[in-house]
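> mind looking at a prediction? Sequence and model below.
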Amino acid sequence: MKKKFLSVLLIVAVLIGMAGVSGTQTESGEQKAAKEQKQQENEQTAETKVEIPPENEEEQKGWIGVILNGDETEAYTLAHIDGIRAAAENVSLPEQDIIWKERVGANDGCKSAVKDLIRQGCEIIIANSAIYEEAIKSEAEKNPEVDFVVINDSKTQSTVTEDGTELTNLYNVHMDTYEASYVAGVTAGMKVAKLKEKKKIPAKSFDEKKNVKLGYVAAEANDDAHADINAYYLGVKAVCKKVVLQVEYIDAWNNSDAEATAAGDLIRSGCVVLASNTDLDAVMQMVENAKESGKCVYAVGRNSDMRQMAGKAVLTSVVSVWSVYYTELFDAKLNGRYMEQNWNGGYAQGAVTISTLGKSASSGTGDRVKKTEEKIKNGKKQIAYFSTCALDGILESEKGQEQ
């Protein structure tokens, strides 16, 4: 919605300035000091914005409402923004038909955003995080005329209320990123194998069993994270058997300090490759800094191509192609076609992939990745979805399986 934000104090400051011009041209020391003090107060409060409704402008009416847990400065949220915009273009949906709500809090924050979007005419409301699941389910029950979409962190979520009512207007979406995590693991395994071959791995990067240490930073210990971790680990082991994976759970999606601390701990312990499943990019930055300081460490990114921020360290990134789902959703709603209420998308749907290989990826990785991806797409290789992980954050060979 187009809104004008004005600082009331800045308006007052302008009026005071105009009055000064029409008065005497000289100021006493006392007047000058008072004026400077007022200016400082204005500068301190300039950030406080008062929302003024448009006077001669109609309020925007939307068709799609989008509730985001972050903004375009964060890789995960940006991936959704780009995906929605691309999908809108694919179905010739005007940008002005989309209303965005950024950095929305869970529960009450989400419910408030939903009410505002419905007031503005939105018929489809998308919430890009599982933190909104309960609030969206509640609002879907109250507003059966509106379709609600929530991105979830497990493959199936109930669309039935506590009293047994089936919510036909609630849609759950899950990206099978564990498939891409397996392929990213193959990329990491190729790098580790090459480093071992050239004897470039330092002694501290081996455990007592001569396994090469790898690290993983995860936002939460949920089903999705466990599936990604297991698949990634198995992808590495498909190339390099003697590895051990240490996992750090930080219990936060948007905490760069926690990400950096966990990454720093893993780097200091000697981990050769760090992967992550978080919303931010602090892990990539930490690895890049360590790489530039001469350490033998590389990274596997998440959500978007991380080569721009970790050009020396990143091998590849696990990416969800959100435009695939959003295009299908918009097209179905525009044309009155059926849409699955529990939608899962992986390689077969073109919904997940890995990004372009970084310059630090080992030679031959591209061919190996291509063959692996083709097998997953045509069903010759099944990557299992394991929703449990080893205790104490250590995943050893007997803990993972592959079909």
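Looks like it arrived, so ask away.
> low pLDDT regions in the stretch 51-200 of the chain?
Scanning the stretch 51-200 of the chain with the threshold set as pLDDT under 70 gives 51-60.
> the helices in it, which residues?
75-90, 108-119, 133-142, 177-197 (DSSP state H, counting those that start in this stretch).
> quick one: buried residues of the first one?
For helix 75-90, a neighbour-count test (16 or more other Cβ atoms under 10 Å) marks 75, 76, 77, 78, 79, 80, 81, 83, 84, 85, 87, 88 as buried. In short, each C-beta sits where N, CA and C put it, glycine included.
> pick the most deeply packed of the helices of the stretch 51-200 of the chain.
Comparing the helices of the stretch 51-200 of the chain by mean neighbour count (mean count of other Cβ atoms under 10 Å), helix 177-197 ranks first with a mean of 25.
> check the offset of it from the chain's centre.
Helix 177-197 has its C-alpha centroid displaced from the chain centroid by 22 Å (Cα atoms, centre = their mean, to the nearest Å).
> can you dump the C-alpha coordinates of it into CSV?
Extracted in CSV, the C-alpha atoms of helix 177-197 (Å, rounded to 0.1, in the frame of the first residue of the first chain):
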residue,chain,number,x,y,z
THR,A,177,15.7,-29.2,0.0
TYR,A,178,17.2,-32.3,1.4
GLU,A,179,17.5,-33.5,-2.2
ALA,A,180,19.7,-30.5,-3.1
SER,A,181,21.5,-30.9,0.2
TYR,A,182,22.6,-34.4,-0.9
VAL,A,183,24.0,-32.9,-4.2
ALA,A,184,25.7,-30.2,-2.2
GLY,A,185,27.2,-32.9,0.0
VAL,A,186,28.6,-34.5,-3.2
THR,A,187,30.2,-31.2,-4.0
ALA,A,188,31.8,-31.0,-0.5
GLY,A,189,32.9,-34.6,-0.7
MET,A,190,34.7,-33.9,-4.0
LYS,A,191,36.6,-31.1,-2.3
VAL,A,192,37.5,-33.1,0.7
ALA,A,193,38.7,-36.0,-1.4
LYS,A,194,40.9,-33.7,-3.5
LEU,A,195,42.4,-32.0,-0.4
LYS,A,196,43.2,-35.4,1.1
GLU,A,197,44.8,-36.6,-2.1
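> skip ahead from that helix and say which helix or strand is next.
strand 212-218 (DSSP states H and E).
> how much space separates residue 181 from residue 263?
From residue 181 across to residue 263, the span is 18 Å (Cβ to Cβ, to the nearest Å).
> same check on residue 148?
To residue 263, residue 148 is 36 Å away according to Cβ to Cβ.
> what do you get for residue 325?
Distance from residue 325 to residue 263, counting by Cβ to Cβ: 30 Å.
> what about stretch 369-378, average pLDDT?
In this model, stretch 369-378 has a mean pLDDT of 98.
> mind listing what's buried along that stretch?
Applying 16+ other Cβ under 10 Å to stretch 369-378 flags 369, 372, 373, 376 as buried.
> nearest spatial neighbour of the third one, skipping sequence neighbours?
What that stands for is residue 373. residue 183 (5.9 Å; Cβ to Cβ, 6 or more residues apart in numbering).
> quick one: contacts for the one you found?
Residue 183 makes contact with 235, 354, 369, 372, 373, 376, according to Cβ atoms under 8 Å, 6 or more residues apart in numbering.
> which SSE is the fourth one in?
Element membership of residue 372, judged by DSSP H and E, is helix 365-377.
> for that helix, packing partners?
helix 177-197 (3 or more Cβ pairs under 8 Å, 6 or more residues apart in numbering; DSSP states H and E).
> nearest residue to the residue nearest in space to the middle of the chain other than its sequence neighbours?
Residue closest to the average C-alpha location in the chain (Cα atoms, centre = their mean): residue 76, at 1.8 Å. Closest residue to residue 76 apart from its sequence neighbours, by Cβ to Cβ, 6+ apart: residue 279 at 3.9 Å.
> residue 318 too?
Leaving aside its sequence neighbours, residue 318 sits nearest to residue 180 (Cβ to Cβ, 6+ apart; 4.6 Å).
> quick one on the thing from earlier: quick one: contacts of the helix holding residue 372?
Counting by Cβ under 8 Å, 6+ apart, 179, 182-183, 186-187, 190-191, 235, 238-239, 315-316, 346-348, 353-354, 357, 380-381, 383 sit against helix 365-377.
> tell me the one of the buried residues of stretch 369-378 nearest residue 293?
Distance to residue 293 across those (Cβ to Cβ) is lowest for residue 369, with 28.8 Å.
> next one: the one helix or strand residue 318 maps to to chain centre, how far?
Under the criterion of DSSP H and E, residue 318 resides in strand 314-320. Relative to the centre of its chain, strand 314-320 is centred 12 Å away, using Cα atoms, centre = their mean.
> please apply the same query to stretch 190-202.
Centroid separation between stretch 190-202 and its chain, computed with Cα atoms, centre = their mean, is 31 Å.
> can you check stretch 220-239 too?
On the basis of Cα atoms, centre = their mean, stretch 220-239 sits 17 Å off its chain's mean C-alpha point.
> got it, and stretch 240-255?
17 Å.
> with just CA atoms, put that stretch into PDB.
What follows is stretch 240-255, C-alpha atoms only, in PDB (Å, rounded to 0.1, in the frame of the first residue of the first chain):
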ATOM      1  CA  CYS A 240      34.600 -39.500   0.700                       C
ATOM      2  CA  LYS A 241      33.900 -42.200   3.300                       C
ATOM      3  CA  LYS A 242      36.100 -41.100   6.200                       C
ATOM      4  CA  VAL A 243      34.300 -38.000   7.500                       C
ATOM      5  CA  VAL A 244      32.500 -36.900  10.600                       C
ATOM      6  CA  LEU A 245      29.900 -34.100  10.900                       C
ATOM      7  CA  GLN A 246      29.600 -31.800  13.800                       C
ATOM      8  CA  VAL A 247      26.300 -29.900  14.100                       C
ATOM      9  CA  GLU A 248      25.700 -26.700  16.000                       C
ATOM     10  CA  TYR A 249      22.100 -25.700  16.600                       C
ATOM     11  CA  ILE A 250      21.600 -22.000  17.400                       C
ATOM     12  CA  ASP A 251      17.900 -21.900  18.100                       C
ATOM     13  CA  ALA A 252      17.400 -18.800  16.000                       C
ATOM     14  CA  TRP A 253      16.700 -18.000  12.300                       C
ATOM     15  CA  ASN A 254      17.700 -14.400  12.200                       C
ATOM     16  CA  ASN A 255      20.600 -14.000  14.600                       C
END
